[in-house]
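**Q** Below are the sequence and a predicted model; questions follow.
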Amino acid sequence: MKAATRFIHAGVEPDPSTGAIMTPIYQTSTYVQQAPGKNKGYEYARSQNPTRFALEKAMAEIENGKYGLVFSSGVAATDAVIKLLQPGDEVIAGNDMYGGTYRLFTKVFEKFGIKFSYVNMQDVANINAAITANTKLIWTETPTNPLMNITDIAATAEMAKANNVLLCVDNTFASPYLQNPLDLGADIVMHSATKYLGGHSDVIQGSLVINDSALRDQLYFIQKSCGAVPGPQDCFLVLRGIKTLHVRMQRHCENGETIAHFLRSHPKVAKVYWCGFEDHPGYAIARKQMRGFGGMMSFELKDDSKEAAEKLLSSTRLFALAESLGGVESLINHPATMTHASIPREERIKNGLSDSLIRLSVGIEDAEDLMEDLQQALG
């Protein structure tokens, strides 16, 4: 089945009781049982919900996986993965990653005796060098947030398997339309479904997709026991968003390419971080493991002062100054004070995230209007 057809039909079947073509929103907390312990497969909505199950099935299908699990946010999905570990276990993570993930690792899980090391994952040799006898998980984003660095998923997966280590890939920036890490050997794929999967900036949600049944059972136990599950309305919204993921991503990619080249040619822009440039260090790997380069990018001004960045951030009209990404509308963001503020400044600077870095989530508006907006803001 081709991608466009799969995204529209994934996980969705006509409602057996009414024939409704859209999955109903099962807004219920509990289910009537025929006798003690005898039910129709549903007992309590924290554990089971038909709308959620439909979304989990859809998530698995679009990521070419066997099992999907959805959570109340991307951070909740990440939290579930780390709860697979024990005190004394070690995690290798990228040194360029979403600030909320870094905060969860350092401020929540470190105090429970889990050790995290951060390496530049553009070179898989750095990952290999960090593996110890206690390493249980490699956590990577590709492309990374916000510097658009690329990790070779297949090479990292091969290394992980050779060392009996799990590999989890945060696939939020690429989406299942552009990249499928399970096909490249990853054990777990994580999404902030808030972003491209929902696609309309109206829902908070996270997801995990896996192939191994035992790993799925462990994660389902954590999902059920800890209770970070999304409501049926949220699941309905993401199910709806998935149906248009392919057409939205096509436009995100087209507009992203246009805006990236526009910024690179602008006299006031010093550097543009976008993995679709042929001279990007990770271009060859990105081209191998992705089907497009997406609508995410960052850039720096030649005037690298924080004041110049703040002036630009406050001057756009179509690009809205806001957290998040992946919606139909274009957003502009200042990682140092917004999405990555929880990372200490010295760590940000060391890893290349300057105070003047600006991140764009290029939406699906008319590209000429977006260029005109950036032109007037830069002017």
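**A** Great, that's in hand.
**Q** alpha carbons only for contacts and neighbour counts from here, please
**A** Will do.
**Q** Kindly provide the distance from the closest residue to Met97 other than its chain neighbours to Val75.
**A** Nearest in space to Met97, with sequence neighbours left out and distances taken as CA to CA, 6 or more residues apart in numbering, is Asn145 at 5.2 Å. Applying CA to CA, to the nearest Å, one obtains 14 Å for the distance of Asn145 from Val75.
**Q** what does Gly231 give?
**A** 16 Å.
**Q** Would you confirm that Leu331 contacts Gly363?
**A** Yes: between Leu331 and Gly363 there is a contact at 7.4 Å, judged by CA atoms under 8 Å.
**Q** the more surrounded of these two?
**A** When Leu331 and Gly363 are compared on other CA atoms under 10 Å, the one with more neighbours turns out to be Gly363, at 28 against 22.
**Q** what about the residue lying closest to that one once chain neighbours are set aside, how many residues close to it?
**A** In space, Gly363 comes closest to Ser330 once its chain neighbours are excluded; the distance is 4.1 Å by CA to CA, 6+ apart. Applying other CA under 10 Å, we find 21 residues neighbouring Ser330.
**Q** is it true that Ser330 touches Leu360?
**A** Yes: A contact is recorded between Ser330 and Leu360 when judged using CA under 8 Å, the distance being 7.4 Å.
**Q** Val209 in helix, strand or coil?
**A** The assignment at Val209 comes out as strand when based on DSSP: H, G, I helix; E, B strand; the rest coil.
**Q** how deep is it tucked in, by neighbour count?
**A** Going by other CA under 10 Å, the residues that sit close to Val209 add up to 28.
**Q** which residues touch the residue lying closest to it once chain neighbours are set aside?
**A** Counting by CA to CA, 6+ apart, Val209 lies nearest to Gly68, which is 4.5 Å off, once chain neighbours are set aside. Contacts for Gly68 (CA atoms under 8 Å, 6 or more residues apart in numbering) come out as Glu56, Lys57, Ala58, Met59, Ala60, Ser207, Leu208, Val209, Ile210.
**Q** ok, now Gly294?
**A** Under the criterion of CA under 8 Å, 6+ apart, the contact partners of Gly294 comprise Phe173, Ala174, Leu178, Met249, His252, Cys253, Gly256, Glu257.
**Q** Tell me the one among the residues you listed nearest to Met1.
**A** Closest approach between the contacts of Gly294 and Met1, by CA to CA: Leu178, at 16.1 Å.
**Q** what's near enough to touch the closest one?
**A** For Leu178, the contact set (CA under 8 Å, 6+ apart) comprises Met290, Arg291, Gly292, Phe293, Gly294.
**Q** ok, the residue most central in space within the chain to Lys224 distance?
**A** Nearest to the centroid of the C-alpha atoms of the chain, with distances taken as CA atoms, centre = their mean, sits Thr172, at 1.8 Å. Between Thr172 and Lys224 the computed distance is 23 Å (CA to CA).
**Q** ok, now Thr28?
**A** Distance of Thr28 to Lys224, computed by CA to CA: 16 Å.
**Q** between those two, which one's more packed in?
**A** When Thr28 and Lys224 are compared for neighbours, Lys224 comes out ahead with 14 against 11, by other CA under 10 Å.
**Q** now for whichever strand or helix holds the more buried one, which elements pack on it?
**A** Secondary-structure element containing Lys224, defined by DSSP states H and E: helix 213-226. Counting contacts by 3 or more CA pairs under 8 Å, 6 or more residues apart in numbering; DSSP states H and E, the secondary-structure elements packed against helix 213-226 are strand 67-71, helix 74-82.
**Q** any idea whether the spatially closest residue to Phe105 that is not a sequence neighbour is helix, strand or coil?
**A** Leaving aside its chain neighbours, Phe105 sits nearest to Phe116 (7.2 Å; criterion: CA to CA, 6+ apart). Classification of Phe116 into helix, strand or coil gives strand, according to three-state DSSP.
**Q** Quick one: neighbours of Phe116, just the number.
**A** Residue neighbour count, defined by other CA under 10 Å, stands at 21 for Phe116.
**Q** Over to the one 4 residues further on?
**A** Summarising burial for Asn120: neighbours were counted as other CA under 10 Å, giving 17.
**Q** try Glu43
**A** The tally of other residues near Glu43 (other CA under 10 Å) stands at 17.
**Q** and the gap between it and Ser17?
**A** Glu43 sits at a distance of 19 Å from Ser17 (criterion: CA to CA).
**Q** longest helix anywhere in this structure?
**A** helix 245-264 (DSSP state H).
**Q** Give the buried residues for it.
**A** Buried residues in helix 245-264, defined by neighbour count with 16 or more other CA atoms under 10 Å: 245-246, 248-260, 263-264.
**Q** again, but for stretch 38-58
**A** Within stretch 38-58, the residues scored as buried using 16+ other CA under 10 Å are 43, 45-58.
**Q** Surely Ile127 is within a helix?
**A** Yes: going by three-state DSSP, the assignment for Ile127 places it inside a helix.
**Q** show me where pLDDT drops low in this structure?
**A** Applying pLDDT under 70 to the predicted model, the chain contains no residue that meets it.
**Q** which residues touch the residue nearest to the residue nearest to the centre of the chain when sequence neighbours are not counted?
**A** Computed as CA to CA, 6+ apart, the closest residue to Thr172 that is not its neighbour in sequence is His191, at 4.8 Å. His191 is in contact with Gly74, Ala77, Asp170, Asn171, Thr172, Ser175, Gly206, Ser207, Leu208, counting by CA under 8 Å, 6+ apart.
**Q** What subset of those is buried?
**A** Gly74, Ala77, Asp170, Asn171, Thr172, Ser175, Gly206, Ser207, Leu208.
**Q** ok, what's across the strand from the last one?
**A** It stands for Leu208. Per DSSP bridges, residues listed as beta-bridge partners of Leu208: Leu69, Met190.
**Q** Would you mind measuring from it to Ala228?
**A** Taking CA to CA as the measure, Leu208 falls 13 Å from Ala228.
**Q** Kindly report the same for the first one.
**A** As defined by CA to CA, Gly74 lies at a distance of 10 Å from Ala228.
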